[in-house]
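Peer 1: structure for this input, please:
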Amino acid sequence: MVDSRVLSDEAKDSRVLSDEAKDSRVLSDEAKDSRVLPDEAKDSRVLPDEAKDSRVLSDEAKDSRVLPDEAKDSRVLSDEAKDSRVLPDEAKDSRVLPDEAKDSRVLSDEAKDSRVLPDEAKDSRVLSDEAKDSRVLSDEAKDSRVLPDEAKDSRVLPDEAKDSRVLSDEAKDSRVLPDEAKDSRVLSDEAKDSRVLSDEAKDSRVLSDEAKDSRVLPDEAKDSRVLPDEAKDSRVFPDEAKDSRVLPDEAKDSRVLPDEAKDSRVLSDEAKDSRVLPDEAKDSRVLSDEAKDSRVLSDEAKDSRVLSDEAKDSRVLPDEAKDSRVLPDEAKDSRVLPDEAKDCRVLNDEAKDSRVLSDEPKDSRVLPDEAKDSRVLSDEAKDSRVLPDEDTALSGPP
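Peer 2: Purely as a prediction, here's the structure:
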């Protein structure tokens, strides 16, 4: 059997990108230059001071975001609500699956065998050589997918379209939420109280014993869910139905695309020429000098962006705020360690004496005379280490 997962040599060659396709993916210098953002567009992206100030949250808006104590207390769950969430023992026992229900979920040997796919069905899934060849893309179809240079140029965004994407000052101001809209989002006390669940509503959510018992499935209903042997056998797929699913050779050959149909998919030279953009359309996309001059920022607009002296002075920290950051003398004195704490860190005489080594441990560290004498080298051992004259003469000069 041919492995359908192995890629043929023709399919491997069709996946290699040709040199023309590689060159068409390289970006030209004009396209690279068109992606560079001009200085005027960079300056238009700087946020003015007025827009920066409108983003600062006022003190009233900050206070409106703080949750009051009443709302905090209403979120604490009472003891009755906590007890109502505990599941009773009867409800726990009703969730345990009985042994009969467990056995009915085990799949029989016949059902397991019916799920195995036979060899004939496996062979029908293998793709034939003709079907593999029909999936290979021809050279003409590859060339028709390459984008011409004119189509590449038409995808560049003109300067007028770039200018239309800049947000005006009025549009920026319209996005700021007014104070009335901010206050309308604050929840009133009555609305907060209406969200608290009453005791009667809490009790109505508790399930009664009769309702719990009605949810238990009786034995007769459990037995009716078990599938009999006849119903199991009717679900097995017969061999005749399996054979009818295999596609004959005539049907396989009818799926191969003839050469005439392949040639009709190739784009003609006239159709290729109709896709080229004429020179008049190219010239209409060039930005005029007046449009270029309208993008230059005027001197008045430049001066309006300079920070005034009053705004600069408002950013300087006053002397009172500077003095409040200096640590007072009392705080400095509290960081000095008192004398009693210093004295408790000094080691007393008893502790010092306990660290002095007594005479007995000192004597045990002295080496006795016998051990000293055993380390002295005897005369015979000294003579055995001297090299005789014959060996010295044979070894030559040093």
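Peer 1: from residue 103, how far off is residue 232?
Peer 2: Distance of residue 232 to residue 103, computed by CB to CB, to the nearest Å: 15 Å. The way it works is simple: take the backbone N, C-alpha and C, and place the C-beta from them, glycine included.
Peer 1: between these two, who's got more neighbours?
Peer 2: Set side by side, residue 232 and residue 103 give different neighbour counts by other CB atoms under 10 Å, the larger being at residue 232 (13 against 9).
Peer 1: who touches the more buried one in this structure?
Peer 2: Residues in contact with residue 232, defined by CB atoms under 8 Å, 6 or more residues apart in numbering, are 108, 110, 111.
Peer 1: quick one, grab the pLDDT at it.
Peer 2: At residue 232, the pLDDT value in this model is 71.
Peer 1: how far out from the middle of the chain is the strand or helix carrying it?
Peer 2: If you go by DSSP states H and E, residue 232 is part of helix 229-234. What separates the centre of helix 229-234 from the centre of its chain is 50 Å, taken as CA atoms, centre = their mean, to the nearest Å.
Peer 1: cool, stretch 302-315 as well?
Peer 2: Averaged C-alpha coordinates place stretch 302-315 at 42 Å from its chain's average position (CA atoms, centre = their mean).
Peer 1: do stretch 266-279 as well
Peer 2: In terms of CA atoms, centre = their mean, the centre of stretch 266-279 is set 45 Å apart from its chain centre.
Peer 1: please enumerate residues in contact with that stretch?
Peer 2: When contacts are taken as CB under 8 Å, 6+ apart, the neighbours of stretch 266-279 outside the stretch itself are 140, 141, 144, 148, 150, 151, 153, 154.
Peer 1: show me what stretch 283-296 is in contact with.
Peer 2: Taking CB under 8 Å, 6+ apart as the rule, stretch 283-296 contacts 38, 40, 158, 159, 160, 163.
Peer 1: how about stretch 129-139?
Peer 2: Outside of stretch 129-139, the residues within contact range by CB under 8 Å, 6+ apart are 8, 10, 11, 14, 252, 253, 255, 256, 257, 262.
Peer 1: how long is that stretch end to end?
Peer 2: Distance between the boundary residues of stretch 129-139 (CA to CA, to the nearest Å) amounts to 20 Å.
Peer 1: and it, what's its mean pLDDT?
Peer 2: Predicted confidence along stretch 129-139 averages 73 (mean pLDDT).
Peer 1: ditto for stretch 91-98
Peer 2: pLDDT averaged over stretch 91-98 equals 74, rounded to a whole number.
Peer 1: could we number from 457 for the rest of this?
Peer 2: Got it, first residue is 457 now, which makes that one stretch 547-554.
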